[in-house]
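Peer 1: sequence and predicted structure are below.
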Amino acid sequence: MRRYRYLRGKAAPEVVAEHLHWMARQHLKQDHGRDNRTLYRIFFYDCQPLQHKVHNPVSGTAIDYSKTDVASWRLAFHEELRKVALRLGYLNERCGQWVLGGEKLKQLLAGKITINDLNDHDVRYEVTQKGVDMRIGLDIASMSYKRQVDQIILVAGDSDFVPAAKLARREGIDFILDPMWAQVRPDLYEHIDGLRSMFNRQNGHPTNADVTSEAPLAQEEI
């Protein structure tokens, strides 16, 4: 989602869901040498948004994350994904913590400011997402071993998926990566069969043109 927002900006849940289906259909059209290709399934991996109450450590103000715009958008988006296989991980809320980062942390460590100089916006609450990468790997392995598909298209750019990509290719599955124009690490690039990004690189608008690359993409802000 972060990469989508970089290319397209903010959009309503139904618009993002529509673009997800558009992307899948476009990938299905690209291999012109194959006739009568059918889409087996779209898998979408995410986790439920943070929905409990915490207190800001600076002011002690209570924050109910279930009532935030982020939580509302995410839940509405999940509702729009009824036609896809939605795989949800979970948030490890027991390990949630407040984090002070950026310039304010540097200033505090350098003694230029004190704790009394901080405000609520200087800290953020972080919770670790768990189980998503495992679900991706399991689905890739299952479809590969059962020969349910002959091609897998992964919309991601994380080298954590190297073992899954290698397994799929060993089983004879054509493995295509759509990094949405993000940089691809060499250790992932060498274990895929091709790169193909469906969104226009300049303004993020969908395009019917096939966008491919034979070399790792250049560094670009994520």
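Peer 2: In hand now; what should we look at? Numbering: from 1, shown residues only.
Peer 1: what lies in contact with the top strand by length along the chain?
Peer 2: As assigned by DSSP state E, the longest strand anywhere in the chain is strand 85-100. When contacts are defined by Cβ atoms under 8 Å, 6 or more residues apart in numbering, strand 85-100 is touched by residues 41-48, 50, 52, 54, 56-57, 78, 108, 118, 122-132, 134-136, 139. Using the backbone N, CA and C atoms, a C-beta is placed for each residue, glycine as well.
Peer 1: what does stretch 12-19 give?
Peer 2: 1, 4, 8, 11, 73, 76-77, 79-81, 206.
Peer 1: in this protein, spot the helix with the most residues.
Peer 2: helix 13-30 (DSSP state H).
Peer 1: how about that helix: buried residues?
Peer 2: For helix 13-30, the neighbour count (16 or more other Cβ atoms under 10 Å) marks 13, 16-17, 19-20, 23-24, 26-27, 30 as buried.
Peer 1: the inter-axis angle of the host helix or strand of Leu75 versus helix 13-30?
Peer 2: For Leu75, the host element (DSSP states H and E) is helix 69-80. Relative orientation of helix 69-80 versus helix 13-30 (axes from the mean of the first three to the mean of the last three Cα atoms, to 10 degrees): 50 degrees.
Peer 1: and helix 69-80, what's buried?
Peer 2: For helix 69-80, by 16+ other Cβ under 10 Å, it's 71, 73-74, 77-78, 80.
Peer 1: quick revisit: okay, angle between whichever helix or strand comes after the longest strand of the chain and strand 85-100 too, please.
Peer 2: Next helix or strand after strand 85-100 toward the C-terminus (DSSP H and E): helix 102-109. With the same axes, to 10 degrees defining the directions, helix 102-109 sits at 30 degrees from strand 85-100.
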